[in-house]
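Novice: Structure, please.
(one chain, ligands or ions: 1)
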Amino acid sequence: MANKICEMLDIRYPVFQGGMAWIADAHLASAVSNAGGLGIIAAMNSNGEQLREQIQKARQMTDRPFGVNLMLMSPYIEEAVKVVCEEKVPVVTTGAGNPAKYMEQLKAANVKVIPVVASVALARMMEKEGASAVIAEGCESGGHVGETTTMALVPQVADAVNIPVIAAGGIADGRGMAAAFMLGACGVQMGTAFLVADECRVHDNYKEKVIKAKDRDTIVTGKKLGHPVRALKNRMTRDFAMKEMNSVVSDDELEKMGAGTLRLAAVEGDVTNGSCMCGQIAGLVENKESCEAIIKRIYGQADVLMKDRSSLWER
Ligand code: TUI
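Specialist: Numbering: from 1, shown residues only. Okay, here's the model as predicted:
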């Protein structure tokens, strides 16, 4: 298959695994890469040396390429950039900000940079700065989100840039993947779909909550703080949303309330008081499968739809 992103990154399937903080470790990333996708280690929750350890661990578990996600709001961002360059990681994705100030350093170390963008303006700027591709992420995604849907964002970004576009947000099966191709993307990134993978070490309570979730079970909080986050509704998000509406509650107090909640859910399994970041597509995610089964199923479904597009009219 002559696919731009597969050729660029030497991967078999144009499927990226989202760089989920506290969740996407060497274990998950190597499983995705071994299955032919692009596994991605989240740098968000690691200092430089912890990240180096994860990179080296992944190298022991796969000889396929994998990437690192640099979360630009991370307190360890400078260390993470340095380690990624030293370890010669072939590709990084970036999230929750503008990575322009690190581009030169990364490119000088031969690291391909694929920023997550939530707008056409940032996509254009990233192309100018030398990004290898962009991930256009719609607000259906879990975690930190922009304001535009995948359906509206992907074709506008695809028209605005000449580098490959990966679609993210609301994709968890072959229909979503085929739709992404129709919108002008040449690959997809999925987070929620990989949350329940056998090789994903997120707490089992979190997996169960994702599997039980229906279409309207996520909510976005944190808009007032300037970093909106989509997560499954629970006691924490209800309290947070109430306090966010109450002008007496200070931003400081809200920040404190959110701090540590992703770790609480993902690592400790407290899905009542923790933040179960998750995309709107959770209602479609029903089974625990291996990463290989997920990728092959989704690609297989998309392949049928792409080969016979006329079938789309017959519904
Ligand atoms: O980064 C993500 N998703 C994340 S990061 C994260 S960790 C976290 N923990 C606690 C509170 C907040 C976050 C959980 N999920 N996705 C990539 C993404 N980036 N989505 C949207 C954006 C984005 C939005 C605006 C990127 C750039 C941007 O504008 C930057 C600019 O300066 O124009």
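Novice: Q56: neighbour count?
Specialist: Using other CB atoms under 10 Å, Q56 has 11 other residues around it. Quick note: C-beta positions are derived from backbone N, CA and C, even for glycine.
Novice: What's the local residue count around the nearest residue to it once chain neighbours are set aside?
Specialist: Closest residue to Q56 apart from its sequence neighbours, by CB to CB, 6 or more residues apart in numbering: E87 at 7.6 Å. By other CB under 10 Å, 16 other residues sit near E87.
Novice: same question, D63
Specialist: Counted with other CB under 10 Å, the neighbours of D63 add up to 9.
Novice: and the stretch 151-300 of the chain, which of its residues are near the ligand?
Specialist: Along the stretch 151-300 of the chain, the residues adjacent to the ligand under the rule CB under 6 Å from any ligand atom are H227, V229, L262, M277.
Novice: neighbour-wise, which of the residues you listed leads?
Specialist: Busiest of these [other CB under 10 Å] is M277, holding 27 neighbours.
Novice: What's opposite it in the beta bridge?
Specialist: Beta-bridge pairing of M277 under DSSP bridges involves A231.
Novice: just checking, it touches N234?
Specialist: No: using CB atoms under 8 Å, M277 makes no contact with N234, being 11.5 Å away.
Novice: For V229, give its distance to V154.
Specialist: 22 Å (CB to CB, to the nearest Å).
Novice: My error: substitute P99 in the last question.
Specialist: Distance from P99 to V154, by CB to CB: 20 Å.
Novice: And the helices in the stretch 201-315 of the chain?
Specialist: Ranges of helices in the stretch 201-315 of the chain, per DSSP state H, counting those that start in this stretch, are 204-212, 235-245, 251-258, 261-266, 291-307.
Novice: Quick check: the residue lying closest to Y13 once chain neighbours are set aside vs P14, distance?
Specialist: Closest residue in space to Y13, ignoring its immediate chain neighbours: G36 at 4.6 Å, by CB to CB, 6+ apart. In this structure, G36 and P14 are 10 Å apart, going by CB to CB.
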